[in-house]
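Novice: the following block contains a protein sequence and its predicted model.
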Amino acid sequence: QVQLVESGGGLVQTGGSLRLSCAASGRAFSINSVGWFRQAPGKEHEFIAGITWSGASTYYADAVKGRFTISRDTAKNTIDLQMNSLKPEDTAVYYCTACLPDSRCRLRVGGWGQGTQVTVSS
């Protein structure tokens with residue numbers, strides 16, 4: 001069983017930055033890849049970035065490419081999402097989840113956690 005818990009959200013102005021963290025525990029060694037998703041009010045979950053557990057491969061949605069960076073911190077056993085140049089349309093609840101078969105996260109493994117709220121004011 002793998003547990004992933006999100007943290008680091010908050011309120012920021014347009015153009016600002018936030019760093020989200022996804023802490024893995026349990027059978028983390030069984031993870032193939034981890035993806036960050038987001039859900040804005042009234043919308044479906046949207047994939048935004050993925051990374052293989054080794055950290056060797058990353059993949060980004062066009063909406064965040066060049067602004068967001070996903071990385072793995074092996075010391076802390078976390079998958080982090082550095083978000084720069086934030087826009088009001090980035091406002092959403094952000095989730096991390098284990099996924100397959102690679103950093104594109106075409107298949108989500110397990111359910112959604114609590115998520116962390118990111119609000120970007122204009």
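Specialist: Everything's here; your move. Residues are numbered from 1 along each chain as shown.
Novice: and the pLDDT for the residue of the chain most remote from its centre?
Specialist: Taking CA atoms, centre = their mean, the residue of the chain most remote from its mean C-alpha position is residue 122, at 22.5 Å. On pLDDT, residue 122 comes in at 91.
Novice: do residue 29 as well
Specialist: Reading off the model, residue 29 has pLDDT 74.
Novice: that one: what secondary structure?
Specialist: The assignment at residue 29 comes out as helix when based on DSSP: H, G, I helix; E, B strand; the rest coil.
Novice: got a list of what it touches?
Specialist: Going by CB atoms under 8 Å, 6 or more residues apart in numbering, residue 29 touches no other residue. All C-beta spots, glycine's among them, are computed from the backbone N, C-alpha and C.
Novice: where exactly do the helices run in the protein?
Specialist: Remark: no helices are assigned in the chain by DSSP state H.
Novice: re earlier: ok, the residue farthest from the centre of the chain touching residue 88?
Specialist: Yes: assessed by CB atoms under 8 Å, residue 122 is found in contact with residue 88 at 4.7 Å.
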